[in-house]
Every structure is written in structure tokens, then in C-alpha cells.
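S.K.: Test case, fold it:
(chains A and B)
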2 protein chains.
Amino acid sequence: MAVVNSERLNRYSLAERKPLDPGGFTQPGRDDCIFLQGDPRMFESAEIGHKLSKGEYKAIEPKLRTDLLEAQVKLSQRGDFPVIILISGVRGAGKGETVNLLNEWMDPRHIRTIAFDTPTDEERARPPMWRYWRALPPKGKIGILFGSWYTAPIIDRVFKMSKKRDLAKSIERIRQFEAMLAQDGALIIKFWFHLSETAQKKRLKALQADPKTRWRVTDRDWSFFKHYRRFTDISGEVLEETSTAHAPWLVVEGSDPEYRAVMVGKVLLEAMNKRLAMPKGEAAVKIATPPLVEPVDHLHTLDTLNLKQSVPKEKYEAEIAKLQARIGKLTRHPKFAERSIICAFEGMDAAGKGGAIRRIAGSLDARLYNIIPVAAPTDEERAQSYLWRFWRHLPGKGRITIYDRSWYGRVLVERVEKFCSEADWMRAYGEINEFEEEIAEAGGIVTKFWLQISPEEQLRRFKEREKIKHKNFKITPEDWRNRDKWDAYQRAASDMIERTHTKHAPWVMVEANDKYFARVKILKELVERVEAQLEGRG
Amino acid sequence: MAVVNSERLNRYSLAERKPLDPGGFTQPGRDDCIFLQGDPRMFESAEIGHKLSKGEYKAIEPKLRTDLLEAQVKLSQRGDFPVIILISGVRGAGKGETVNLLNEWMDPRHIRTIAFDTPTDEERARPPMWRYWRALPPKGKIGILFGSWYTAPIIDRVFKMSKKRDLAKSIERIRQFEAMLAQDGALIIKFWFHLSETAQKKRLKALQADPKTRWRVTDRDWSFFKHYRRFTDISGEVLEETSTAHAPWLVVEGSDPEYRAVMVGKVLLEAMNKRLAMPKGEAAVKIATPPLVEPVDHLHTLDTLNLKQSVPKEKYEAEIAKLQARIGKLTRHPKFAERSIICAFEGMDAAGKGGAIRRIAGSLDARLYNIIPVAAPTDEERAQSYLWRFWRHLPGKGRITIYDRSWYGRVLVERVEKFCSEADWMRAYGEINEFEEEIAEAGGIVTKFWLQISPEEQLRRFKEREKIKHKNFKITPEDWRNRDKWDAYQRAASDMIERTHTKHAPWVMVEANDKYFARVKILKELVERVEAQLEGRG
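M.R.: Numbering: from 1, shown residues only, chains lettered A, B, ... in the order given. Below you'll find the model as predicted:
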């Protein structure tokens, strides 16, 4: 009996139950795939005693591994998307063995296997997702994640360390995260290794009985086993809610080593080949988002700013000195040790971002902050999702990162210059809001400044810069080109502010024709927001 | 009185006392610089009450900061070397203030200030130098290191947690490390902020008396102060031994803020300008190394290998299974939790590195190891010293990193293909030995394999690979070109083995014409060495 034929696999081709549809405009019929999706009895079909004889295994395995290796080579040659494999499920169901086998079947030099154990202190000082972002495989590589963003939400709920609504929130967050990865091109495959209660008990006892494997069974395993029912119920719910067309779950019965190995291998192979068959660039999942509608009166937020506001020099100097002292003091606030500050600066060229950043930096101990000037991504950064390069610089607790230009480049320069597709920047608004919310929930104080100047003021500054020798370097032909697209940038900035002005990360629009006025406003807004947050008022 | 004129600076132009000369072939007369070097009374000149009036400061400062900013812009435009500034010295001597000032004077967006406090757990799991390597600024940037590789050796000795010979060893290590950075092009400037005993006491008391600065003085500061004499003696010794032409110390009297600021600024400016005046590529310090002498009989280590050795398939399979089981067991040895394994594989193309690595990987839990296939460096890696990209992947405790090709590329492909200068690869032998020794001292078990095949066998394998579809990708025109340089590679490999076959990281030469023989030998050598190390025998 050839067990793993297309017929058997087809039994899993259930229609997707709850399509992920953040914008309400899902493209239908895109992923008619082989995975089990949203079946409420999802674990039942993984308790029926699936088996493959050693003989059958031996007949299937050589071709399977050759095919997998070949798919891996193609992936590496194309290098335009990563493969993210999640390995989850119950203890004793063969997760570790399967991971080892995948590394044996394919070329382990191009697989990155990462097991998530207790977070390190560098990880604990940052939002929970930080450790997963740093583990994501680059394009062209396979990442096997052993344990994942699913582990904590499920375990916390099983042991009642979180509420129902926390779990719901986690699920929503995961759906958005995976949708983002998939739309950036990642092939995501999630395996859930299952054992029936009886089978798991038997398995743990067998491991314990053998002196060679006794070390593998811990008290923690038995304490988990006690909650088998609750664990299965909650996992089932999570799997159902997170099995999407672009990031499906496959439940694998874990009792028979040959069966589970071939199942995993076949599923992986089919998924990779299907993805590899698509032409470059076209392969990414697309989820439509609501269109941007231009206000009928063409009045944008930025048009309402009064750029004539100014501050005289003497007043500026007095104010700035006071504000700098207040900022410096903030970082010594006892509660700051558990918080962090993230500042993002955006604005047209010559809007005064650098000057403002220097005034903030000047009020801080240099040991506490890090300034990230955002230019073209490095090749390591280009091999990841676009938010990756901002995640990597997130400050730990008690520290500050100032981004000179930021993740908003996606909806500004990348939109205007068409460096990414419309679908990509359209979905970025939601992704960015999510990113900032995760930072805020982990104690980060996100402050964002848009520095608005008039085109006349920009021209004046460009000319001034050309005169001053040591500022010369700042003017490039590109700066002049960008000026021609003034209106497009203004439109993009208006849309950005309207769509990402959130409670946890509000925008501060800064009237910046007068540098003194701009700097005072920026430092004042910064200090007041941070103070409010540290006092629990904001 | 214009205090910081060239005349006063010239008072520090003492000749270098103990030139760093690891190879005994120092090029003389290269660095006639402005720094105090190796003066046994080095701190005396920093206790004479240097001062600069506020008026003098105001006269000097504007030009100084414009010049510094300009130098920084040039550095950024050239982008061919990093500037590493070390800030050390006694408490209360204005280190923090000076760092903040440098960030204010120059563009803080291109300065990376890093303060070293307690190591994180990720840092503690690796050799002590790992945290400094990860903090090194890339080319074109300025890194200010607050605390540095000097801190622990000095403090440990002050509090008698280390012996005299430990300090001597640390000093030697630092000299080699800085020589390597300098030869890779880094501009290194080390500032030591000094206060006399009386001045430090006064300063600490003043800080404590003011409610605004009281928080800055800790019990630890006073406990350090109690050991003032010993601290000064030991620091003086360390400074004397590590003040080299390419990484000089400047002792700055710390009592007067204006004086110390201008001193640091001037020294930094002169050093940067001097370096910037040198043409690209020519600027790096060069320290000659002893020449490689070809054995007069032309007999090299590799010539002595008997490539006819082989193992029949059945024996191979039985042996490999046994060895794999032993390797797997090793990682569960209780002592392994405090150790790590580093494997480096080198050999001509098609020598069988990949196959051997897969046999090792196959015996390990995939969660424990990481395989690094070494190809062209990424742009982030190219912006650092060549060892940087190997440092970054070093395993933590209880883990394994396997390098498929390694840091030895420097003395193999980079030498043969002339990707680096002769001076660069010549000094690499010593640098590599040092690198491996540091790993070994931190508990890493370094194993290195050279897989030797005959040119005939290589040709046979190339042809075989071309036939097998899924191995096709492995043969590139480059592979054929490399074959033409067989003798040059053999010579390079022989030199490499002779010069880097050390006690803490011995080479295993593997007769690899027969794959089975090679794999058995590799696994056997690996398991025996790791066993010996874990049992405290190796």
C-alpha cells in the first residue's frame, strides 16, 4: 500500500474556512492547496493510526530526498524568497526527529534551524517578537523554527496566565505578521505534530523506560501532559484561527516515524515546487486593501499647518536649554529603566531633521542613545522583509533609538519613486501600525515627527547649503530631482499621517520653516509625551 | 595664552619606547606622532593643573568643531577605514562629558557610542572579546568605546582577581588585536582621563554634594578610589606596554573641562587629518612579518599523505553509525553545557567537505548546531576586519558551529588569487592563531580539517558531478579555473598547516581520495578530540 499518494493527500484539501481578510477585499481562489484548514475536528484525523511500513518508506524516501534537495537548489539559485517552516505540537510526537531528518535530506548548510528556549536578556529587553524577527531566514534559505510565535500564546492560555481576549489579540497579531511575511514573498509552512492522549502517555513512558532516552523526559513534560485536554482544545482553536491560505497548518500524526517523515517531506516538496513554478516577482500572495480616497475638497492635513510661526533666537536658546535639561532628567526617572524611547524623523530634504536630532542627542548621555541614519539597505537587509532593518535596531530597556528617516520610507520615497508595488505600500500602513503597537505594548515610547517646510524655504536652504563649504556634501542631484516631485511627496505624507496617526504612536506635525520654532516644538512634544508616559498619564 | 598650540602638543611627541614588533621586523620611522608614549611618569604631566579659560575655549571651539565635522564628512565619503576611539581613565575625570561633547561637535548620526557595562548572557556565553568585535564601527564611521578591552584586565589585577602573568598575557593579546585592526586600516586613538588623588577625591565629593549629580557617585566609585595608588600603578604599566605607534595612548588631565575638551578635539582632529591625507589603500600601518621560506627539499607536509587509503563500504557504514552515536552522546555530556565546538573545513573543490559535514550534522540534534557556508562576504562584512564575519557566528556554550570553508580563506584563496596583499595574508597566520586561542581559552573546542585529494581524483569528481543532474549546480567555470592553480593552492595549504597547527587548535590532515576513509577519519578525530577535552585530557 503506497500510503502517501495524491489521493490521500487530497483528503486534506478542505476549503479555507476563515480567510484572512484584513482589508475586506480578499482575492479569492488564489491558494487551492493541500493543507488541512480550519477543521474543528482537526486533530481527529491525526489519531487514526496512520502508518507506513519500513518497506514502503524505503521505496519512497530516495526520490523524495533527491526531489527535496533539487527544490532547495532551485530556491537557492532564485534567491527571491525564504522558506519558513514552523515545527510545533505535542511532546513526544517526533518534532526533533523530523527536524533532524529534514536537515539530513536537504543540504543543512542552507538551512537555519533555530530552537526557541528561554529568551536571552537581550531578547527580554525588547518586544516579544524581536527574537523571531532576528531568526527569520533570508531570501533563498530555509529556516526551521522549532517553537515559534505560537508557543507563548498557547502555553500562557493553557496555564491561565493570560485571558481569552489576550489570546484573541495574539491570534490577530500572528495573522497579520504571517500575512506580511507571505506578501513579502515568504513561503510559510506550519507543521503541528499531534498524538492522542493515550499515544502521548505511551510515548513518554517508553522514552522514560529506555536509559538512552530517559534524559529527554522532564517533569515539565508530565506537567504539560496533565493538561492534555486543555492544551489540545486551545491549540485546536489557535490552529483553526491561524490556518490561512498563505500560511496553512498541517496536522501530522506523530506516532509512526515513517509516516510522519514522508508526510512532512511530501508537503514541503509540493509547497516548494508550487511556489518555484510561479515566475519571479509574481509569486507573492496578494491581499487587497481598501483604496485611498482623495478628499473631495483636496484639503489635506498638511495644508492646515501655519508655516509662518517662528521663535526669536533669544527665546529659542532659553527654551531649548530648559527642554534639554528636562529630557536629560527623564532618562534618570526610575521608571525609565523599564521603558525605551523610539523617535522617528521624517520630512522633505533640508526640513531640519538633522538639526533637531542633534538638539535631542545633545541633551542625552551618549551612552544611552543610538542614531540610525536610514539610507539604502545593506544586502543583508534587502534579503529580509522591509521592517527587518528597523526591528534589528530597536533599543533595549532604558535606551533610546533615533531614526533619521524611518520605516515610513515605504509609504514615502518607495511609493513616490515606485521602488515597491502599490499593493506593498498600501498594506504597509497596517503593518507599520502593528509594528509600533508591539513596541508600545512592550514599554517603548514611540514618537514620530513630520517636519513640514514650504518649497520656497527648501529652495532657500538648498542654495544656502551650496554656499557653505562644509555643508556642501549634503546636496546631491537627487535632492533636486526630489523637489520636482514635491506634490507627490506631500500627498504621500498626508496619507501617511492620516493612516498611521494612532493612539500608541501619534504623529507630531512640525511647522518647520523656522528652525527655532521647529526645534522647540519637537523637544517640547517629546519631553511632554515621555513625561506623561512615565507618569502613567499617556 | 593660546594653550593648545602645536608647541604644547609637541611636548608629547616622545619617541615610542617599546615598539610593537611581533615579527621582529618592524618598519621604523613610520609614525612620528603627537602622542605620549611609554613615559613611565606618564601621569605626572597630567597632574600639573592644565587649564584653559572660558574665553580661550570660546575662541578655539568654533573652528575646532567645524574642522572636526569636515574631517568626519571626508571619512564618511572615503569610507575606507573606521575610527576607533577608546575612552578610559579614572572616575570623575570627565569621560562622559567628553563623549557627549564629541557627539555634539560632530554629526552624531555617524558616530556609534557604546558603553560596556555588565556583559549580557549572549556575551557571557562567548569569548570575552566577542562583545568588542560586535561593537567595532564599520569603515567610514566613528566608534566611541566607553570602557573597552582594557577595563577587565586592569580591574581584575587591581582587585587581585588575576595574576601578574594574566595581565601580561592580556597586554600581549591587546597589542596583537590592535595591531590587527590598525593593519586592516583602522585609525585607533586611545584617551586616558587622569586625575591626581587629591583632585579625584575633590571631584567625587563635589559631585556628591550637589543634589543634581549625587546619583552619579556610587559606592563602587569610592571602593575604587580606595585603591587609587594601585589602580594608577597598574594602569600606568598597561598604558606603557600598549602605547604603540599605530594605537597610541593620550593621557588627558581631567580636572578642567575646557582644557580636556580641546585637547581631545585637537588630537582627534590631527590624527584624522593625518590619516585622511594619506592616499586610499596606502594608509594602513604595515608591520613586516618573517618571510616564508620554502623547504630546500621542496617536501611539504601534504606531500607525505598516503592518498591510497580506503575503507570498504560495509565497514564504513558500521563505523560511521558507531561514530555518529558517540558524537550525539558527547553533546549530552554534562560538561558540554560549558563548552562549545567549532569545526572548520578546508580543502580543494570537490574534496568532500559537504559530505563530511553532513555526516557530522546527521549525528547531532539540529537545534544544537549551525552550519556557515562561507562564500563572498556581505557588504556589512566587507566593512569590517576580515575575522569579523567569523566572530559573529561563534557558538554560545553548549552549541556547535561548523564552518564550510573558514577564516583560512585569507591564507588560501585570498593569497592565491591576490585578493589581499602579501602583508595581509602573511600576518593572518598570527592573527588566526590568536583568534583560535581566544576561543579555546573560553572553552571552545576548535577542530580543523584539511581534506586532501589528488588532482586526478578531483577531475574524476568534477566529471561525475556534471553527469548527475542534481549536483550540476556545483560546477562553475571558477572551479575549472581554480584547478589550474593547483600547485599554488597546495603550497598555500602546506604553509597554512605548518603555521597554524597549534596545541589549542591542531589541524587534522585527511586523506580524502576515498570518501569513506575520509569521513571515518574526520568523525573519529572529532569525537576523540572532543571526548578528550570533555574528560580534561586534551
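
S.K.: What about A:Lys58, how many residues nearby?
M.R.: Around A:Lys58 sit 11 other residues, with neighbours defined as other C-beta atoms under 10 Å in any protein chain shown. (C-beta placed from N, C-alpha, C; glycine too.)

S.K.: swap in A:Gly49?
M.R.: Under the neighbour criterion other C-beta under 10 Å, A:Gly49 is assigned a count of 11.

S.K.: That one contacts A:Tyr259, correct?
M.R.: No - under the criterion of C-beta atoms under 8 Å, A:Gly49 is not in contact with A:Tyr259, lying 9.3 Å apart.

S.K.: Are there residues contacting both of those two? Which ones?
M.R.: In the contact map built from C-beta atoms under 8 Å, 6 or more residues apart in numbering or on different chains, the residues linked to both A:Gly49 and A:Tyr259 are A:Glu253.

S.K.: show me what contacts the residue nearest the centre of chain A?
M.R.: The residue at the geometric middle of chain A, judged as the C-alpha nearest the mean C-alpha position with C-alpha atoms, centre = their mean, is A:Phe177 (5.2 Å). Contacts for A:Phe177 (C-beta under 8 Å, 6+ apart) come out as A:Met129, A:Trp149, A:Glu434.

S.K.: right, and the first one touches A:Trp149 too?
M.R.: Same thing as A:Met129. Yes - A:Met129 lies in contact with A:Trp149 (C-beta under 8 Å); the separation is 6.6 Å.

S.K.: Would you mind stating the distance between A:Arg65 and chain B?
M.R.: A:Arg65 is 10 Å from chain B, where distance means C-beta to the nearest C-beta, to the nearest Å.

S.K.: Now the residue lying closest to A:Thr98 once chain neighbours are set aside. Its backbone dihedrals?
M.R.: Residue nearest to A:Thr98 in three dimensions, not counting chain neighbours: A:Val264, with 5.4 Å by C-beta to C-beta, 6 or more residues apart in numbering or on different chains. Comment: the main-chain dihedrals of A:Val264 come out as phi -60, psi -50, following degrees, to the nearest 10.

S.K.: List the contacts of A:Val264.
M.R.: Contacts for A:Val264 (C-beta under 8 Å, 6+ apart) come out as A:Thr98, A:Leu101, A:Leu102, A:Phe191, A:Leu250, A:Val252.

S.K.: these two touch, right, A:Ile371 and B:Pro108?
M.R.: Yes - with contact defined as C-beta under 8 Å, A:Ile371 counts as touching B:Pro108 (5.4 Å).

S.K.: okay, and the common contacts of those two?
M.R.: With the criterion set as C-beta under 8 Å, 6+ apart, the overlap between the contacts of A:Ile371 and B:Pro108 is A:Ile357, A:Ala361.

S.K.: thinking again about what came up before, buried members of the contacts of A:Val264 into ChimeraX, please.
M.R.: Here is the ChimeraX selection string for the buried members of these, based on 16 or more other C-beta atoms under 10 Å in any protein chain shown:
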select /A:98,101,102,191,250,252
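
S.K.: now the helices for the stretch 301-450 of chain A?
M.R.: In the stretch 301-450 of chain A, helices defined by DSSP state H, counting those that start in this stretch lie at A:313-330, A:353-361, A:379-382, A:388-391, A:413-416, A:422-441, listed in chain order.

S.K.: in the third one, what counts as buried?
M.R.: For helix A:379-382, the neighbour count (16+ other C-beta under 10 Å) marks A:Glu381 as buried.

S.K.: any idea of the mean pLDDT in that helix?
M.R.: For helix A:379-382, mean pLDDT rounds to 94.

S.K.: So A:Arg460 versus A:Asn482, what's the distance?
M.R.: For A:Arg460, the distance to A:Asn482 equals 16 Å [C-beta to C-beta, to the nearest Å].

S.K.: Correct me if wrong: A:Thr232 contacts A:Phe43.
M.R.: Yes - using C-beta under 8 Å, A:Thr232 is in contact with A:Phe43, at 6.1 Å.

S.K.: Mind telling me which residue of the stretch 51-200 of chain A is nearest chain B?
M.R.: A:Ala115 (3.7 Å; C-beta to the nearest C-beta).

S.K.: is that residue in a bridge, and if so with what?
M.R.: Note on A:Ala115: beta-bridge partners by DSSP bridges are A:Phe146.
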